[in-house]
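S.K.: Sequence plus the predicted model coming up.
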Amino acid sequence: EVHLAESGGGLVEPGGSLRLSCIVDGFPFANYAMSWHRQTPGEPREFVATISSGSSSTFYIDSVKGRFTLDRDNARNTLYLQMNNLKPEDTGVYYCNAGGRVAVLDSWGQGTQVTVSS
């Protein structure tokens, strides 16, 4: 059974930073691209960024480009998202999954809440 566990969210002021983590069990993490998605109440889940299996390439949506950075530790089955210069519109629950814009796994973790507010 695949288990995804996101953490690292919190409440920060605009301009602040957070580092999210996602630990994956029961899945060949090192063989797959991984991605972050986010969701706000009443809205569909939105793709944010993806990183290739070997970290050689990344892709970010325009609204986070230059502010968010993905990395991963395949030895620890862990995906990270460094978020800098956070804006109120970054508020949401952040989830990780395998694949890119289209999530590969049917199951999702509990997510981690990010709130950007003064």
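M.R.: Arrived safely.
S.K.: ok, which stretches of this structure are strands?
M.R.: Counting by DSSP state E, the chain has strands at residues 3-7, 10-12, 18-25, 34-39, 46-51, 58-60, 68-73, 78-83, 92-98, 112-116.
S.K.: Reformat those as TSV; add mean neighbour count and distance to D106.
M.R.: All C-beta spots, glycine's among them, are computed from the backbone N, C-alpha and C. Formatted as TSV, those follow (neighbours: other CB atoms under 10 Å; distance: least, CB to CB, whole Å):
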stretch	mean neighbour count	distance to D106
strand 3-7	17	11
strand 10-12	14	28
strand 18-25	19	14
strand 34-39	23	14
strand 46-51	20	16
strand 58-60	17	22
strand 68-73	18	21
strand 78-83	21	18
strand 92-98	23	9
strand 112-116	18	20
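S.K.: Those into CSV, with extra columns for mean pLDDT?
M.R.: Listed next are the strands of the chain as CSV, based on pLDDT from 0 to 100:
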stretch, mean pLDDT
strand 3-7, 97
strand 10-12, 98
strand 18-25, 97
strand 34-39, 98
strand 46-51, 98
strand 58-60, 98
strand 68-73, 98
strand 78-83, 98
strand 92-98, 98
strand 112-116, 98
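S.K.: Please name the nearest non-neighbouring residue to the residue nearest to the spatial centre of the chain.
M.R.: For the chain, the residue nearest the mean C-alpha position is W36 (2.9 Å; CA atoms, centre = their mean). The shortest distance from W36 to any non-neighbouring residue, by CB to CB, 6 or more residues apart in numbering, is to V48 (4.5 Å).
S.K.: Just to check, that neighbour is in contact with M34?
M.R.: No - between V48 and M34 there is no contact under CB atoms under 8 Å: 11.5 Å.
S.K.: any idea how far S118 is from L81?
M.R.: Per CB to CB, to the nearest Å, L81 is found 22 Å from S118.
S.K.: for the residue nearest to G16 when sequence neighbours are not counted, what are its contacts?
M.R.: Of all residues not flanking G16 in the chain, L86 sits nearest, at 5.2 Å (CB to CB, 6+ apart). Going by CB atoms under 8 Å, 6 or more residues apart in numbering, L86 touches 12, 14-18, 67, 114, 116.
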